[in-house]
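A.B. asks: Here's my sequence, what's the structure:
(chains A and B)
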Amino acid sequence: MTAPRDLVATAIRDALRRAATDRGWTGADVAVDVERPADPGHGDYASTVALKLARPLRKSPREIAEEIRSRVATGDGIAAVEVAGHGFINVRLDTSWLARQVDDIVSAGTDFGRLDALKGQRIQVEFVSANPTGPLTLGNARGGPLGDVLSSLLAFAGAAVTREYYVEDGGTQVKHFGESIAVRYRQLLGENVELSPEGYPADYVKDLAAQIKQRDGDRYRSLSLEEQGKIFAKIGIDWVVEDAQRVMAKLGIRFDEWFRQSSFIESGYFQKTIDDLRRMGRLVDRDGAVWFDAPEMPEDKEGWVVIRSNGDPLYLGTDIAYHRLCLFERGFDKKIDVWGANTHYHLVQMKVALAAFDIDERRWEVVLYQYVRFLNEGVIQRMGKRTGQFLLLEDVLDAVGVDATRFFLLQRSADAPLDFDLELAVQQSNDNPVYYVQYAHARIASIFRTAAERGLTVDGADVSALTSPAELDLVRLCLRFPELVAEVLEHKGVHLFTSYALELAGAFHSFYRDNRVVDEGDVPRSKARLRLVQAVQVALRQTLGLLGVSAPEKM
RNA sequence: GGCCCCGUAGCUCAGUGGAUAGAGCAGCAGCCUUCGAAGCUGUUGGUCGGGAGUCCGAAUCUCCCCGGGGUCGCCA
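C.D. replies: Below is the predicted model of the structure:
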């Protein structure tokens, strides 16, 4: 089906081209976009192209608009074109054409809004990727729905998407984690040892130590702390990853790949990347460490460490190798990372480093989201596994449910920080806007149940009976879904789907109040309206589907 | 101090170049013998942090300032 916006844009584009030829305009070769006017009195779509052409053509916008307007072909969906204001070209759609879209929406079904813009592209979306040193917190979780919905959207646009969780099972934090378990283990064996300042104080570390002691007893007693740490870190990471898989599934997210850092350390790919960088003259040795030389960043004249003086690879070093691996060896056309905003400087470093490998910058994108903070006894706090201050994702899921959690995390723009008050969330979970949307969907399902009880079906519906402003406005709103898909694909603001879902649900609830759908006294109208609400249900289902929120038949 | 994000109604936030700036919550006044009241209708509420600039047009872009958060480590 042709999207109305494209239909209108094409018609105006053609009219402009004809006007330019007829009048001998030069410099009129500009992009023609149409938008939805805020005021419905201004029609269904409006173009500001005449305003933009006023200066290059040295003519009044109204004059240009008039030349274009008189050449726009009406019929085929377009009912009327008029010039308004300073030179807006307002277009009104043909209402019978609009009504016919209802049939197209319903028959499109799960394909409604689908695109093939990204067909043939292999895209990896990497998200969450929390340090594997503890259970997932609500802070880690924010990237979950963001990355998941972005992945769904890209797939909806035709891409072959891989959802990837990067498990950083090496490095300093993992070492601290393992040794923290070892300290707790030793304490259980009666030794008088204390956690180091870098250690992890949280209870799950004690639980892990207890599990190890219960299973293996004191067989690690004679090992050094470092040796114990190595063994326990492995056990700990396996436990954390398994737990993360379980909780992510609970959040409705299924990753295609849990990709371990150790895999490319062991394969030698990390070393190969270091060797190549050295050959390219991008590395210098200083103080026993290996530094990436970044003359592009004069304020960081020392460069950045990629291998520590103790020989351990550092975050930046492994991440360079990891990204190179994804973009050059693993066959992804594009990698999109969903990262917390605290990594923004890492992003700057990575851009410089990957440029050294001539990676086309369009092949790598980062979506940064602001941090989640939480309210603890009325005080706002940052979450951190190392501080032992956090709110577990699983606790939130158990308290407020998966749909409400997802919707809550998706409602705000990634650029906006998010404060979370668990007590308030539990108390208000019934007020969560997600139920408003789901209720609209369930209500429509209920209408169909009622219709069936009264012997009415949608079969043979003639949508030309849909002529009232209320009915047509509902169609217009449904038709906005495909436009929104295209917009979000361009700007990545997946939170806009929640706004749209709320708006569509609200429009339906109002319609429902004022317009009886099932009316045995007027079967043709009932059938047409059943078809209409079916289209609304399709649009709602498509939106909720992208958001990963269920669309219940009953609540 | 450098860099990133934010500042919009009492509160939480949408809107990022178009015409008269929106929603939810909170407040106030109403609506269930009629397809689900987890709903609906009406109403109160704004120097879009401040200033300058660009533009036919700025909440939106640029610059300066103010306020809040983040980050600048041989942590990730």
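
A.B. asks: what about A:Asp431, neighbour count?
C.D. replies: For A:Asp431, the tally of surrounding residues (other C-beta atoms under 10 Å) stands at 9. Placement of C-beta: from N, CA and C, glycine included.

A.B. asks: For A:Thr172, see how far away A:Val306 is.
C.D. replies: Distance, A:Val306 to A:Thr172, using C-beta to C-beta, to the nearest Å: 14 Å.

A.B. asks: what does A:Ile12 give?
C.D. replies: A:Ile12 is 59 Å from A:Thr172, by C-beta to C-beta.

A.B. asks: Neighbour count for A:Val306 and A:Thr172, which is higher?
C.D. replies: Comparing A:Val306 with A:Thr172 by other C-beta under 10 Å, the one with more neighbours is A:Val306, at 26 against 13.

A.B. asks: Correct me if wrong: that one contacts A:Leu283.
C.D. replies: Yes: contact status for A:Val306 versus A:Leu283: in contact at 7.2 Å, counting by C-beta atoms under 8 Å.

A.B. asks: which residues touch the nearest residue to A:Thr450 once chain neighbours are set aside?
C.D. replies: Distances taken as C-beta to C-beta, 6 or more residues apart in numbering put A:Val518 closest to A:Thr450, at 5.4 Å, once the chain neighbours are dropped. A:Val518 is in contact with A:447, A:450-451, A:454, A:456, A:526, A:530, counting by C-beta atoms under 8 Å, 6 or more residues apart in numbering.

A.B. asks: out of those residues, who's nearest RNA strand B?
C.D. replies: Using C-beta to the nearest atom of the strand, A:Thr450 is the member of the contacts of A:Val518 that lies nearest RNA strand B, at 3.0 Å.

A.B. asks: Report the backbone C-alpha coordinates of stretch A:48-62 in CSV.
C.D. replies: Only the C-alpha atoms of stretch A:48-62 are listed here, as CSV (Å, rounded to 0.1, in the frame of the first residue of the first chain):
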residue,chain,number,x,y,z
THR,A,48,6.6,24.4,3.1
VAL,A,49,8.6,24.1,-0.1
ALA,A,50,7.3,27.5,-1.4
LEU,A,51,8.6,29.2,1.7
LYS,A,52,12.0,27.7,1.2
LEU,A,53,12.1,28.6,-2.5
ALA,A,54,11.2,32.2,-2.0
ARG,A,55,14.8,33.4,-1.6
PRO,A,56,16.5,31.4,-4.4
LEU,A,57,13.7,32.2,-6.8
ARG,A,58,13.3,35.8,-5.7
LYS,A,59,9.6,35.5,-5.7
SER,A,60,6.9,35.7,-3.0
PRO,A,61,6.2,32.4,-1.3
ARG,A,62,2.5,32.7,-2.0
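
A.B. asks: tell me, what's touching A:Val306 and A:Leu283 both at once?
C.D. replies: A:274, A:277, A:290-292.

A.B. asks: any low-confidence regions in the stretch 301-450 of chain A?
C.D. replies: A:376-382, A:384-388 (pLDDT under 70).

A.B. asks: which residues in it form helices?
C.D. replies: Using DSSP state H, counting those that start in this stretch, the helices of the stretch 301-450 of chain A run over A:315-324, A:344-355, A:393-400, A:402-411, A:422-427, A:433-453.

A.B. asks: Could I get these in CSV, plus columns for distance to A:Leu51 and mean neighbour count?
C.D. replies: Converted to CSV, these look like this (distance: least, C-beta to C-beta, whole Å; neighbours: other C-beta atoms under 10 Å):
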stretch, distance to A:Leu51, mean neighbour count
helix A:315-324, 44, 22
helix A:344-355, 37, 16
helix A:393-400, 48, 19
helix A:402-411, 34, 24
helix A:422-427, 46, 14
helix A:433-453, 37, 18
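
A.B. asks: which one of the ones you listed lies closest to A:Arg184?
C.D. replies: Nearest to A:Arg184, of all those, is helix A:393-400, at 21.6 Å by C-beta to C-beta.

A.B. asks: Tell me how far the closest one lies from the chain's centre.
C.D. replies: 21 Å (C-alpha atoms, centre = their mean, to the nearest Å).

A.B. asks: what packs against it?
C.D. replies: helix A:138-141, helix A:225-250, helix A:402-411, helix A:422-427 (3 or more C-beta pairs under 8 Å, 6 or more residues apart in numbering; DSSP states H and E).
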